[in-house]
Structure formats: C-alpha cells, structure tokens
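1. Using only what follows, build the 3D model:
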Amino acid sequence: MLRLLRKPVLYLDTSVPCAYYDGAHPERQAATVAFWRNLGAHEARISALVVRELLCTPQPELRTTPCTLPSPPSTV
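-> Take a look at the predicted model:
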C-alpha cells in the first residue's frame, strides 16, 4: 500500500509574526526569522483570530503581517 507523506501542520499564534518584527529583542527576532525561513518543511496555518489580532494592533508593521511576511502561512 502506497501512503502519501504529508507535511506536519503547525498552527501559529500571534507571537510568531510579532517576534518576526521584534527589533527590541534581536535574538528573539533572529530566531523567528530563521524559523520562518525553514518553515517550508511544515504546513503552516494561522487562524482568523490571529489575523484579527494582527489587524487590531497599534503597531502598523504588524497590521499587514499576514501579507508581508515571506511565504505567509495559510489562514484556516
């Protein structure tokens, strides 16, 4: 029997895109950018709630995060 291999699914919360832009904590930001670059081995998803949280943030760079991060995860 042939089984198709699927990528593991990761559900990302608001902290991941926030950390991507967290210039106040360079080590956290660098780790998140590295994580994001290697995310292709997984099927990444974010919920509609995460999108709403990002759209309501007072930080303008985070309001467009789902559209501006490289290879943004799909929304569920």
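2. Can you tell me which helices and strands the lengthiest helix in the chain packs against?
-> For the chain, the helix with the greatest residue count under DSSP state H is helix 26-37. In terms of contacts (3 or more C-beta pairs under 8 Å, 6 or more residues apart in numbering; DSSP states H and E), helix 26-37 is packed against helix 15-20. Placement of C-beta: from N, CA and C, glycine included.
3. Quick one, grab the pLDDT at the residue nearest to Val33 when sequence neighbours are not counted.
-> Excluding the flanking residues, the one nearest Val33 by C-beta to C-beta, 6 or more residues apart in numbering is Tyr20, at 6.3 Å. Tyr20 is assigned a pLDDT of 85 by the prediction.
4. Enumerate the positions of the longest helix of the chain that are buried.
-> By 16 or more other C-beta atoms under 10 Å, the buried positions in helix 26-37 come out as Gln29, Thr32, Trp36.
5. Which residue in those residues has the weakest pLDDT?
-> Within the set of these, pLDDT is lowest for Trp36 (86).
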